[in-house]
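[1] fold the following.
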Amino acid sequence: MGLILLIASRILNLGVLVEIQIQCPHCGEVFTSMADTSQGDYSTIEDCEVCCAPMNIEVICEPGRVEEVRVSLA
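    Just a heads-up that it's a prediction; the model follows:
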């Protein structure tokens, strides 16, 4: 368990986790999430924190910097 905390702490110190704002395409609510920019561009399907509907989140980034976030219906 200590190893997991150490890795998470190290990732935060490297600045690869970046806070992003996401607006749900279903209910319109805006909430904050974290983007892991360590591997570059990626996409994922996540459930909205408010209405629980699935959405596709595409993050365009480079290590430590998010250039664009695209959110669409999943």
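[2] name the element the residue most central in space within the chain belongs to?
    In the chain, the centroid-proximal residue (Cα atoms, centre = their mean) is Ala35; its distance is 3.2 Å. Using DSSP states H and E, the element containing Ala35 is strand 30-36.
[3] circling back to that earlier point, hmm, the residue nearest to the centre of the chain is touching Gly15, no?
    No - using Cβ atoms under 8 Å, Ala35 is not in contact with Gly15, being 11.8 Å away. From N, CA and C alone the C-beta is placed, and that goes for glycine too.
[4] any idea how far the residue nearest to Glu68 when sequence neighbours are not counted lies from Gly15?
    Nearest residue to Glu68 in three dimensions, chain neighbours excluded: Ile60, at 4.2 Å (Cβ to Cβ, 6 or more residues apart in numbering). Distance of Ile60 to Gly15, computed by Cβ to Cβ, to the nearest Å: 17 Å.
[5] circling back: count the neighbours of the residue nearest to Glu68 for me.
    16 (other Cβ atoms under 10 Å).
[6] list the contacts for Val66?
    Counting by Cβ atoms under 8 Å, 6 or more residues apart in numbering, Val66 touches Val18, Ile20, Ala35, Thr37, Val59, Ile60.
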